[in-house]
Structures are given as C-alpha cells and as structure tokens.
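# please work out how this folds:
(chains A and B)
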Amino acid sequence: MITRAFLAIFLFLLIGLLGFFAISLQNDDMQPIKTQEGKPLILDRELYTIEGMKVDKESLFSGKIILNVYASYCLPCVIEHPFLMEIADSKNVKIVGLSHKDQIVETKKYLEKYGNPYDFSILDLDGSLSLKLGVIGPPETFLIINGEIVAHRIGVIDIDIWNDRFEKYF
Amino acid sequence: MIDLKNTFRFLLIFSFLIQADTLYEDIDEDELERLEYLADNIRCPKCSYGNISSSNAPISKDLKKEIASLINEGYSDQEIFDLMQYRYGDYILLDTNIEDNKSIFLIPLMILVISILLVTTYTIRKSK
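Predicted coordinates for the structure are as follows:
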C-alpha cells in the first residue's frame, strides 16, 4: 500500500517537473537582464553625430523617438537593418542611431552599404554613453516617448517583436 | 657569437624596465582592492554566468572601467552595487537575496523533509 503511495508521489513529482520544463522551454522571452523600460532617459553630456555635428539634446526629449544601437562589426544588426528601413518609411517616427564603439569610417561604410534609416547617428567611441543607457551590446532598440523609455528590445528587432511590444504606442 | 650573447644580455637588462602599465587611471592600492572586490561580485550582463573580473567580454571591461571611475568619484561599494542593480536588475548581483527567492531555497528543503518522512514511515511499516 505504502509503496503504491510512494510510487504515485514519485510519478506525480516527475510529471510535474517535466511539465514545468516543457512550459518554460516554450517561453522564449526569458531575458535574465532587466530591460530599461519605465526609466527616464539620461544624457548628461554633449553628444556628437558621426558627421561631427553637435546633437540638439532637447530634440531627444520630446516626442516619439526610436533609438537603435548598432555597429558595423555587429552581424545581427545587418539582419534587423531592412526592418529598420521599413519602419523609417512606413511610420511617422524619428529614428536615431547610436554607433556603438565603432570607427567613424566603418560606420559610414556600413550605412552606405545597407542604407541609412537614421535621422542622425550619435557617436559613442568608447561605449561610455551606451553603458549609461544600460546597453549590453548591439543590436538594441529603445522607444522613447517624451524622455521616458517605454519599450526596450535587447537583440534583433523584427515584425513579431515590434507588434508585440512597440506597435501599441503608434 | 659573443656579440649575440651580449646583445641578449643587453636586452635582458632593459626588459626589466618595461612593465605593465596600470589599467585604470588615478587608482591607488586600496581602491584597486575595492575594484577587485566589486568586480568579483558583479555578474557580467552579457554572459550567462561568471563575474566581470573573470570575463573578457567588452562590456565587462567597460564596466570595470566605469566602476574604477565611480570609485574615483567617491561612490561607496553599496552605492555602486545599487547603481548596477538599478541599471541591469537583480541578476547582476552575485550575492543572492534569500528574501526575494524564498521558493528556490525552500522547495529543495521541503522535498528533503517529505522524502525523509516517506522513507522512515516506509521502513517502520515494513519492519513490523
């Protein structure tokens, strides 16, 4: 009798554990790192574009802005690039690039080769600006509305993620 | 032949003068110790495990540099931990807060207690 109870409990635990694994494996949005959603945008120093122009910081704190962190050495950035071009064409939103720890020449070559969806690209040679923003590595995409980060994607952005997390703000 | 030997000696003497430059600016020994302690206890955000002192990922190097500059600015260890936690979430801290993760610590304990109970009742019943 007691062996049966023992077996039943064992089986129950085993099925429970397998079920738990099966469910958690299907959930592919397991990011251990917290996104920057809900945090204010902090830019505490002068910013320059890759052309060497000063960035009007006030313009980054008003209205809807998509901030995309990219780099010429980053292969996933090439994957998401056509999607960004599509967004630039179809949505009425300002897309700002952030060139992450990249040489200016390489960034310009990259934009020439794949097209330029950005209004302008902010220069971040040593990665310190990205670090303050909580960027782990390109590609990353922020949606900023009036100086507040409302959506943040770590990794490649595509239509599914856009519809899931970004579309509701448009 | 002798010439080669002498050249080698000459080079050897001068090689003592070449030493590794310090990685971080304006940092004394105490502060370096603090930096090492902090780097040992902050997890690399890009890796699945491992602290930033054991990682060679670019972000770990940048983070170490930033921590060094924060130490220079006069931040305390706790303030640096809090800043990193705010920026990257609880995951970044290697020191787990048991209060926040009770289930992780309690479930194995519960399983242990239940299995001990089951085994003892089973053996007592069987011996009768």
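# who's in contact with residue 3?
I went with chain A, as the question did not name one. Counting by C-beta atoms under 8 Å, 6 or more residues apart in numbering or on different chains, A:Thr3 touches B:Tyr122. No exception for glycine: its C-beta is placed from N, CA and C like everyone else's.
# kindly recompute the last result at 6 Å.
Listed by C-beta atoms under 6 Å, 6 or more residues apart in numbering or on different chains, the contact set of A:Thr3 is empty.
# residue contacts, A:Leu14?
A:Leu14 neighbours (C-beta under 6 Å, 6+ apart): none.
# quick one: it from A:Phe20, how far?
Separation of A:Leu14 from A:Phe20 (C-beta to C-beta, to the nearest Å): 11 Å.
# what's the helix or strand for B:Ser115?
Using DSSP states H and E, B:Ser115 sits in helix B:102-127.
# can you tell me what sits against stretch A:118-136?
With C-beta under 6 Å, 6+ apart as the test, stretch A:118-136 has contacts from A:36, A:47-50, A:69, A:94-101, B:45-46, B:59, B:62, B:66, B:87.
# now with 7 Å?
A:33, A:36, A:42, A:47-50, A:55, A:69, A:94-101, A:104, A:107, A:154, B:45-46, B:59, B:62, B:66, B:87-88 (C-beta atoms under 7 Å, 6 or more residues apart in numbering or on different chains).
# ditto for stretch B:41-60
Stretch B:41-60 is contacted by residues A:33, A:101, A:136-137, B:36, B:39-40, B:63-64, B:84, B:88, B:91-92, B:94-95 when judged by C-beta under 7 Å, 6+ apart.
# pull out the buried members of these.
By neighbour count, with 16 or more other C-beta atoms under 10 Å in any protein chain shown, the contacts of stretch B:41-60 hold A:33, A:101, A:136-137, B:39, B:63-64, B:84, B:88, B:92 as buried.
# ranges for the strands of chain B?
Taking DSSP state E, chain B contains no strands at all.
# of all of it, which residue lies closest to chain A?
Relative to chain A, the nearest point of chain B is B:Gly89 (2.9 Å; C-beta to the nearest C-beta).
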